[in-house]
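Student: Give me a 3D structure for the following:
(2 chains)
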Protein chains: 2
Amino acid sequence: MSVLEQLQDFLRIPSISTSPEHIADCRRAAEWVRQFLLDAGLRKTMLIEKDGQHPLVYAEWLEAPGQPTLLLYGHYDVQPPDPLELWISPPFEPTIRGEDIFARGACDDKGQVMILLEALRRTLQDTGRLPINVKVLIEGEEESNGANLVSYVSANAARLSADAALICDTELFAPGLPTLCTGLRGGVFGELHVHGAAQDLHSGVYGGAAPNAVEAAAQIIAALKGVDGVVRIPGFYDGVQPPDPEELATWKTLPFNEAEYLKREVGSVALTGEAGYSVLERTWARPTLEVHGIVGGFVAKGFKTVIPAKAHAKISCRLVPGQDPDQIVTVMRKAIAKATPPGIVSRFDVFSSGPASLVNPSHPILRAAAQALAETFGRPTVYMRSGGSIPVVGLFQQALGIPSVLMGFGLPDDNLHAPNEKFHLPNLYKGIESVSKFLTVLTKVP
Amino acid sequence: MSVLEQLQDFLRIPSISTSPEHIADCRRAAEWVRQFLLDAGLRKTMLIEKDGQHPLVYAEWLEAPGQPTLLLYGHYDVQPPDPLELWISPPFEPTIRGEDIFARGACDDKGQVMILLEALRRTLQDTGRLPINVKVLIEGEEESNGANLVSYVSANAARLSADAALICDTELFAPGLPTLCTGLRGGVFGELHVHGAAQDLHSGVYGGAAPNAVEAAAQIIAALKGVDGVVRIPGFYDGVQPPDPEELATWKTLPFNEAEYLKREVGSVALTGEAGYSVLERTWARPTLEVHGIVGGFVAKGFKTVIPAKAHAKISCRLVPGQDPDQIVTVMRKAIAKATPPGIVSRFDVFSSGPASLVNPSHPILRAAAQALAETFGRPTVYMRSGGSIPVVGLFQQALGIPSVLMGFGLPDDNLHAPNEKFHLPNLYKGIESVSKFLTVLTKVP
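Tutor: Now for the predicted structure:
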């Protein structure tokens, strides 16, 4: 089977980790990865399983004494495909149109896991060995809660010890432009609960005297962030480290067109955010606060004139270097308490949190990665950050003490988490070539 | 069947007018009322039907020449019962606990429609006739949009001509205290729609640059009303007529205990609303704005870090004499447009609206009603207003040129529009007696 056929096979498994009805499919995807690694010639291939959690896949090849050890990471689970009606071809029937393959998980992250697996398989087949030592860890809960990975990595630091991790789960800044990601935002993710009267009340009878939980939630949210995009929580920006001038200067050289971004990616009437910062600075190097969802009161069709007794809003802050997640939770809670109107009781529950992470582009392993990419693509590697959070980077830093190389091959229009997710096939092949070359270049790292 | 058994029968029909899945139940409730009126001896009993609308029930008895004509009004439709889990007994299985009957619609308005129907039936059975002329109009869209009633009344002023209307849909100020309601707030009821990006976006990737529809909705709501309970829409309070000093003075004599009201009726940690006005003034004679429900973005269990593309909020204003609903819509839309943040498109759709209404307590028909109540309850009748809206009062005034007698028998703790709605059974019997007596007293009105 060609690598493309293998990828199609992998994409047909609906391994949606957040849906209980897909537990067996997640196990099937894990088994598929393990079998591939076994066939490729890796050692100690295994599933690491725990009740109620999706299995981790582990494998290793440690027969290059004196050479560096690289920990390869990816995830076989995918996001739910809803809304299904917006897909041109079914999400779990991979379909090639032009140079793209369309399927849920095509880019995030099965296509990129395929790059790692095929680079190992091909190198082992062609040379009978790998140039460096390799440990492979492919998880199945990146799109849900990652509980299995966190407990396993924390408890098995010795088994997983390595010089660096290679994470294939990010993107090229633009087609054909070799890219390393050197920074990720951290975050605080939680839910605001607002309570007013003992139960929903008739707004005619009580309007003017009883507190309204939905209005209170709106007033609290409006107090947390202004229409100018500035977070209004006192202390929120304390300690924020700006990118250094060199990094900022390189961002200005990236091929970014704000009008195209507005039209093709966002699709609103205008962009928003803090004045005085470019879009890349705002999304990569500035902290933000976003409300992901709100619900309260009567929301069905028709009209019901109640004063809602409760409202709930899911809220997160994206954090940048210099911000401490625990401190952010403290100042958020203080600001929420202060903004809570009379008659209302509010509470902010934290769901998860983690700090931002930066890697230093002058680290020898990063330099090796940049060289491998540049040689493959035939042009210099650029450095970007990502506004998202990849918690595993913080986990590897904290539990294993290693930096992560974020070498990804997605494209900005790959529709991650959205209908018609795709992967650009030339990037599959360039990716395999880049990772293979990286393994070789790493042999020269002191 | 006793009147109580009849009421239980009536309450078992889930005639929720706002829910398309209950269209047949609404028709069943209308048919139930028509049959009762036919059996009672009324003439020309009929359903007035129009495509896509719930039927009106009409009946008449016009065999008292020279006597006044009274138009009896009530509604057979009910509010949705959600949230279901808070009901002690199921909303459509009427259950008697102590002296109360619990069911959706027990007080609003099936219990009170029962008072009208039974007063007619009993008088006709006992005396073979009615002392005055009567027209009966029971609608099925009071809790939705009332479109059928508005068009029918407007087009049939001659058939419905009467000296006054009797509306049984309000409450006693306190148990055992005979009460007439002399004022109702009007209202503007609508929905705010907020749109940002073309679709939900990943908050990591786009947070800081893409507009957030839920935040925009919150900011708009916060701009419409302050935490001090003051509506911040410019022009909103223009023309508001305060109650006259005499009316205000009588309100001060009513048995109202703010601490009890907070504890037993509202159940929040404090009351809210405009400073400098009593609770009765705030809820009866001051206009308000309330948000009844909001929804947007990801609201299921778990966490999905999207920037929501859309948000929707149901909003109403309660209006007092001196405020024009159309003018209020105009100033609301202007304020919403002004509060709409960059990158967002917003729209306020009006669902329905109507002015406030007042009746003069010294009108002879009002005096007759006060006398009938006082004789039944054995103490003087008091006058109150209601903060709710009964649009039919304005409609009868405008289309038929008649005042409405608001003689209601609910209690403040009857949980209208809320779980565990109830009706106090002694009020059912006192109500039937009061209405029967009112028909007789009216024969003496000049």
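Student: Only C-alpha atoms from now on, for both contacts and neighbour counts.
Tutor: Will do.
Student: Now do the buried residues in whichever strand or helix holds residue A:119.
Tutor: Per DSSP states H and E: residue A:119 is located in helix A:111-127. Under the neighbour-count criterion of 16 or more other CA atoms under 10 Å in any protein chain shown, helix A:111-127 has A:111-124 buried.
Student: and the next helix or strand along the chain from that helix, which strands flank it?
Tutor: As assigned by DSSP H and E, the chain's next helix or strand after helix A:111-127 is strand A:133-139. When pairing is defined by DSSP bridges, strand A:133-139 lines up against strand A:56-61 (antiparallel), strand A:69-75 (parallel).
Student: wait, does the following helix or strand past strand A:133-139 contact chain B?
Tutor: Remark: after strand A:133-139, the chain's next helix or strand is helix A:147-155, criterion DSSP H and E. No. Remark: helix A:147-155 sits outside contact range of chain B, by CA under 8 Å from any CA of the partner chain, the gap being at least 13.8 Å.
Student: would you put the C-alpha positions of the following helix or strand past helix A:147-155 in CSV?
Tutor: Next helix or strand after helix A:147-155 toward the C-terminus (DSSP H and E): strand A:164-167. Coordinates of each C-alpha in strand A:164-167 appear next as CSV, following Å, rounded to 0.1, in the frame of the first residue of the first chain:
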residue,chain,number,x,y,z
ALA,A,164,13.8,17.0,22.5
ALA,A,165,10.3,16.3,21.3
LEU,A,166,9.1,16.6,17.7
ILE,A,167,5.5,17.6,17.4
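Student: And strand A:164-167, what does it pack against?
Tutor: strand A:69-75, strand A:404-406 (3 or more CA pairs under 8 Å, 6 or more residues apart in numbering or on different chains; DSSP states H and E).
Student: Please convert these to CSV, extending it with mean neighbour count and mean pLDDT.
Tutor: Shown next, in CSV, are those (neighbours: other CA atoms under 10 Å in any protein chain shown; pLDDT from 0 to 100):
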stretch, mean neighbour count, mean pLDDT
strand A:69-75, 24, 98
strand A:404-406, 26, 97
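Student: Out of the ones you listed, the one nearest residue B:39 is which?
Tutor: The closest of the helices and strands packed on strand A:164-167 to residue B:39 is strand A:69-75. By CA to CA, the value is 72.5 Å.
Student: residues in contact with the closest one?
Tutor: A:62, A:109-110, A:112-113, A:116, A:132-142, A:160-169 (CA atoms under 8 Å, 6 or more residues apart in numbering or on different chains).
Student: 6 Å instead?
Tutor: The contact list for strand A:69-75 (CA atoms under 6 Å, 6 or more residues apart in numbering or on different chains) reads A:109, A:113, A:133-140, A:162-167.
Student: Kindly report the residues of the stretch 51-200 of chain A close to chain B.
Tutor: Contact residues, the stretch 51-200 of chain A versus chain B (CA under 6 Å from any CA of the partner chain): A:196, A:197, A:198.
Student: switch the cut-off to 7 Å
Tutor: A:196, A:197, A:198, A:200 (CA under 7 Å from any CA of the partner chain).
Student: Buried ones among those residues?
Tutor: Among these, the ones that count as buried by 16+ other CA under 10 Å are A:196, A:197, A:198, A:200.
Student: Low-confidence regions, the stretch 101-250 of chain A specifically.
Tutor: In the prediction, the stretch 101-250 of chain A carries no residues with pLDDT under 70.
Student: Can you name the residue of it nearest chain B?
Tutor: Chain B sits closest to residue A:204 of the stretch 101-250 of chain A, with a gap of 3.6 Å, by CA to the nearest CA.
Student: thinking that residue is in contact with residue B:390, fair?
Tutor: No. Checked against CA atoms under 7 Å, the pair residue A:204 and residue B:390 is beyond contact range at 9.8 Å.
Student: Tell me which of these two has more neighbours.
Tutor: With neighbours defined as other CA atoms under 10 Å in any protein chain shown, residue A:204 and residue B:390 compare such that residue A:204 has more, 27 against 24.
Student: I'd like the buried residues of helix A:111-127 as TSV, with distance to residue A:35 appended.
Tutor: TSV is the format used below for these (distance: CA to CA, whole Å):
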residue	distance to residue A:35
A:111	17
A:112	17
A:113	14
A:114	13
A:115	16
A:116	14
A:117	11
A:118	13
A:119	16
A:120	13
A:121	12
A:122	15
A:123	17
A:124	15
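Student: Model confidence for the residue nearest to the spatial centre of chain A, exactly?
Tutor: Central residue of chain A (CA atoms, centre = their mean): residue A:390, 4.5 Å from the mean position. For residue A:390, the pLDDT comes out at 86.
Student: Not counting its neighbours along the chain, what's nearest it?
Tutor: Distances taken as CA to CA, 6 or more residues apart in numbering or on different chains place residue A:184 nearest to residue A:390, at 7.0 Å, with adjacent residues excluded.
Student: likewise residue A:353?
Tutor: For residue A:353, ignoring the flanking residues on the chain, the nearest one in space by CA to CA, 6+ apart is residue A:188 at 4.2 Å.
Student: strand partners of the helix or strand harbouring the one you found, parallel vs antiparallel please.
Tutor: If you go by DSSP H and E, residue A:188 is part of strand A:186-195. Sheet pairing of strand A:186-195 (DSSP bridges) gives strand A:310-319 (antiparallel), strand A:345-354 (antiparallel).
Student: Tell me if the next helix or strand after it is near chain B.
Tutor: Downstream of strand A:186-195, the next assigned helix or strand under DSSP H and E is strand A:201-202. Yes. Applying CA under 7 Å from any CA, one finds that strand A:201-202 is in contact with chain B at A:201, A:202.
Student: who touches strand A:201-202?
Tutor: Strand A:201-202 is touched from outside by A:305, A:306, A:307, A:308, B:416, B:417, B:418, with contacts defined as CA atoms under 7 Å, 6 or more residues apart in numbering or on different chains.
Student: Check stretch A:362-374 too.
Tutor: Counting by CA under 7 Å, 6+ apart, A:178, A:361, A:380, A:381, A:405, A:434, A:437, A:438, A:441, A:442, A:445 sit against stretch A:362-374.
Student: how about that stretch: buried residues?
Tutor: Within stretch A:362-374, the residues scored as buried using 16+ other CA under 10 Å are A:365, A:366, A:367, A:368, A:369, A:370, A:371, A:372, A:373, A:374.
Student: so who does the closest residue to chain B within the stretch 251-400 of chain A touch?
Tutor: Here the stretch 251-400 of chain A gets closest to chain B at one residue, residue A:388, 3.6 Å apart by CA to the nearest CA. Shown in contact with residue A:388 (CA under 7 Å, 6+ apart): A:184, A:185, B:204, B:205.
Student: Can you tell me which of these is closest to residue B:25?
Tutor: residue B:204 (48.3 Å).
Student: correct me, but residue A:268 touches residue B:198?
Tutor: Yes. The criterion here is CA under 7 Å, and residue A:268 meets it with residue B:198 at 6.0 Å.
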